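# Fold the following and give me the result.
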Amino acid sequence: MRIKVLPPLVMLAFGLAMYFLAKFLPVGQFSFFGQDGLMWFLLGAAVLLMFLAIFQFRKAKTTSNPIDLTKTSALVMGGIFQYTRNPMYLAMLMLLLAWGLRLGNAFNTLLAAGFVYYMNHFQIRFEEGALEKQFGKPYRLYCKNTRRWF
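The predicted model follows:
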């Protein structure tokens, strides 16, 4: 299976679904003390995580393009990648959670969970298979020692 949809587009599609759910679902609205602060924290942490991941890829002189993994020239395991194998996808999830806080509908957490499911089954599995094929045992050890999300 080849991936044909860029992950940021998948995130945008889930974000759009979250907007329509919050706009048209008559139940599930919430508001709590610190909601805006938590939203801004998640947003800032997501941007930082994305920046760190891109920096690590550039430092290793390899691609961050998940569509064409044949251009992957190095296995990045240091920096932020020693804590999560998918910091860019984790950042996208954090952006969706921040968006969900902004929209204020509890049911948006279901769509954020749907994003995780989609990424695990239609994106990450493909990437993991390609990286294991290319890097073999070092990649398998990396997967054993580093969690997929966090």
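# pLDDT score for the residue positioned nearest the centre of the chain?
Geometric centre of the chain, nearest residue: residue 89, 1.4 Å, by C-alpha atoms, centre = their mean. Reading off the confidence values, residue 89 has pLDDT 98.
# So it sits against residue 7, correct?
Yes: taking C-beta atoms under 8 Å as the definition, residue 89 is a contact partner of residue 7 at 6.4 Å. Every residue, glycine included, has its C-beta placed from N, CA and C.
# Provide the secondary structure category for the nearest residue to residue 81 once chain neighbours are set aside.
Distance criterion C-beta to C-beta, 6 or more residues apart in numbering; nearest residue to residue 81, sequence neighbours excluded, is residue 56 at 6.0 Å. Put simply, residue 56 is helix when judged by DSSP: H, G, I helix; E, B strand; the rest coil.
# neighbours around residue 56, how many?
For residue 56, the number of neighbouring residues by other C-beta atoms under 10 Å comes to 20.
# For it, give its distance to residue 84.
11 Å (C-beta to C-beta, to the nearest Å).
# Pull the contacting residues for residue 64.
For residue 64, the contact set (C-beta atoms under 8 Å, 6 or more residues apart in numbering) comprises 53-54, 57, 88.
# Show me which of these are buried.
When those are checked for burial by 16 or more other C-beta atoms under 10 Å, the buried set is 53, 57, 88.
# could you dump those to TSV with distance to residue 65?
Formatted as TSV, the buried ones among the contacts of residue 64 follow (distance: C-beta to C-beta, whole Å):
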residue	distance to residue 65
53	13
57	9
88	11
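# Which other helices and strands does the worst-scoring helix or strand of the chain on mean pLDDT contact?
Lowest on mean pLDDT, DSSP states H and E among the helices and strands of the chain sits helix 125-135, with a mean of 94. On a contact count with 3 or more C-beta pairs under 8 Å, 6 or more residues apart in numbering; DSSP states H and E, helix 125-135 meets helix 137-145.
# for the record, mean pLDDT for the helix it packs on?
97.
# now for that helix, which elements pack on it?
Applying 3+ C-beta pairs under 8 Å, 6+ apart, one finds that helix 137-145 contacts helix 125-135.
# Buried residues in the helix it packs on, which are they?
Going by neighbour count (16+ other C-beta under 10 Å), the buried part of helix 125-135 is 126-128, 130-131, 135.
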